[in-house]
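J.: Next come a sequence and a model predicted from it.
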Amino acid sequence: MKERIGYIDLAKGFCILLVVLDHIANEGYFWSGDYPLNEIFDQMRMPLYFILSGLFFKEYSGGLREFIIRKTNKILVPYLFFILLYRAITWLVQNYTDFASTGTNIAGIWGPLWFLRCLFFMNVIFALAHYAIHRLAGTPIGREILLAICMFGVGVAGYHVGNWHLNFGTALTCMPLFWSGYFLNKKLHLLEMDIKRGWALSIAVLLFVMIHFLYMGDNYFYSNTYSSPLPLLYISGLAGSIAILLISSVIRRLAIVSYVGRYSIIILCTHQVIITLLVAAKHFLPEMYRQTGLTESLIFFAITVGISILCCRPLKKYLPWFTAQKDLIKVSDAR
């Protein structure tokens, strides 16, 4: 299992780097028609994160209450800490500085945090269904089939409800992706089989590329609005995610990327602040240094990731309860 965690950390690292890439692209980078890197990855970055989250679902001896407390520590506490911190910073900056003169929106610094509240909802929804169904009579395989049917039913409902408050609609739509991660957890040994791995990777990449170029439109997970048919949304996300997992199982470890994956929640919560400050700093540079070509885009990306990595050590050392490194609410309190 330790080996598996190694390459899953690598997959998580690839995932969060794709998220950072997207938010840098929102500032005008990586958008040239000659290298539409962000657009290519747009259909898989969020599904990959949802699938990886489902991969780590587990039952606890303390039951549903212990599960919710553990997820509160790992997801909800960091979300509340950073959202309150960033809102306070935004208020101070807007009222006591001339930051607006840079043309940068400071309020955007908490934007990526939506994913944490969405992920918390998904964990709770899945846990409620899982604990309820597994207390029913019947065979284990029958209960697993019922769980799958329920999750896909929830996904269809979420797809049609639109943008509910606090991204609850997105949580519903993406429940089949979370379930896919839960299901894959039982099949991880297949990633170790070299013969099957090559064929699986080829099929996954082919599926992803075909769907992307033939029938993928604009899909916005944040607002739960999609132009793609629901089956293709799931298949494309699953194919791309499996491809990343298979590639990660071959590579095993890349020091920087694996480190980013291990502390992905810190990278998620800090990178947008860095992007915002870097964009604001560009305001004071000569025009020749404000370009958004491929070279400038890669440099911007490297600086953002590098500073985010530097933030990991002090944050996990001095604020471990708010960065998912230690429990703020003791698990023993759940029993």
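T.: Okay, I see it.
J.: shouldn't Leu245 be in contact with Ala11?
T.: Yes. Leu245 is within contact range of Ala11, at 5.3 Å (criterion: CB atoms under 8 Å). To be clear about C-beta, it is placed using only N, CA and C from the backbone, and glycine gets the same treatment.
J.: starting at the chain centroid, how far to stretch 224-242?
T.: In terms of CA atoms, centre = their mean, to the nearest Å, the centre of stretch 224-242 is set 15 Å apart from its chain centre.
J.: repeat for stretch 175-192
T.: 16 Å.
J.: What residues of that stretch count as buried?
T.: By 16 or more other CB atoms under 10 Å, the buried positions in stretch 175-192 come out as 175-184, 191.
J.: Could I get the average pLDDT for it?
T.: Per-residue pLDDT over stretch 175-192 has a mean of 82.
J.: Tell me what Tyr220 is bridged to.
T.: Beta bridges link Tyr220 to Thr225, judged by DSSP bridges.
J.: need the buried residues of stretch 175-192 in TSV with secondary structure, can you?
T.: Shown next, in TSV, are those (DSSP: H, G, I helix; E, B strand; the rest coil):
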residue	secondary structure
Met175	helix
Pro176	helix
Leu177	helix
Phe178	helix
Trp179	helix
Ser180	helix
Gly181	helix
Tyr182	helix
Phe183	helix
Leu184	helix
Leu191	helix
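J.: okay, the residues you listed in a markdown table with distance to Leu128 next?
T.: Listed next are these as a markdown table, based on distance: CB to CB, whole Å:
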| residue | distance to Leu128 |
| --- | --- |
| Met175 | 11 |
| Pro176 | 16 |
| Leu177 | 17 |
| Phe178 | 13 |
| Trp179 | 13 |
| Ser180 | 18 |
| Gly181 | 17 |
| Tyr182 | 14 |
| Phe183 | 18 |
| Leu184 | 21 |
| Leu191 | 29 |
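J.: Could you double-check that Gly155 lies in contact with Cys174?
T.: Yes. Contact criterion CB under 8 Å: Gly155 and Cys174 qualify, at 7.0 Å.
J.: So these two - more neighbours on which side?
T.: Cys174 (33 against 20; other CB atoms under 10 Å).
J.: Wait, that one touches Leu48, no?
T.: No. Between Cys174 and Leu48 there is no contact under CB under 8 Å: 11.3 Å.
J.: any idea which residue sits dead centre in the protein?
T.: Tyr49 (3.6 Å; CA atoms, centre = their mean).
J.: Where does that residue sit, in terms of helix or strand?
T.: helix 45-55 (DSSP states H and E).
J.: ok now do Cys311, which residues does it touch?
T.: 266, 270 (CB atoms under 8 Å, 6 or more residues apart in numbering).
J.: Reduced to three states, what does it come out as?
T.: Cys311 ends up helix, using three-state DSSP.
J.: where does it land on pLDDT?
T.: The model reports Cys311 with a pLDDT of 96.
J.: Just want the angle from the strand or helix carrying Val279 to helix 45-55.
T.: Taking DSSP H and E as the criterion, Val279 maps to helix 264-282. Calculated by axes from the mean of the first three to the mean of the last three CA atoms, to 10 degrees, helix 264-282 forms an angle of 160 degrees with helix 45-55.
J.: quick one, what contacts the residue lying closest to Leu315 once chain neighbours are set aside?
T.: The shortest distance from Leu315 to any non-neighbouring residue, by CB to CB, 6 or more residues apart in numbering, is to Thr323 (5.0 Å). Residues near Thr323 by CB under 8 Å, 6+ apart: 78, 263, 265-266, 269, 315-316.
J.: Neighbour-wise, which one of the residues you listed leads?
T.: In terms of neighbour count, Cys269 stands highest of the contacts of Thr323 at 28 neighbours, by other CB under 10 Å.
J.: Could you measure from that one over to Leu85?
T.: Distance check for Cys269 against Leu85: by CB to CB, to the nearest Å, it reads 9 Å.
J.: quick one on the thing from earlier: okay, the next helix-or-strand element following the helix holding Tyr49 in PDB with CA atoms only?
T.: Of the helices and strands lying after helix 45-55 in sequence (DSSP H and E), the nearest is helix 63-71. The C-alpha trace of helix 63-71 is given here as PDB (Å, rounded to 0.1, in the frame of the first residue of the first chain):
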ATOM      1  CA  GLY A  63     -19.200   5.100  12.200                       C
ATOM      2  CA  LEU A  64     -20.700   8.000  10.300                       C
ATOM      3  CA  ARG A  65     -20.000  10.500  13.100                       C
ATOM      4  CA  GLU A  66     -16.300   9.800  13.200                       C
ATOM      5  CA  PHE A  67     -16.200  10.000   9.400                       C
ATOM      6  CA  ILE A  68     -17.800  13.400   9.300                       C
ATOM      7  CA  ILE A  69     -15.400  14.700  12.100                       C
ATOM      8  CA  ARG A  70     -12.400  13.400  10.200                       C
ATOM      9  CA  LYS A  71     -13.500  15.100   7.000                       C
END
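J.: Many thanks, have a good one.
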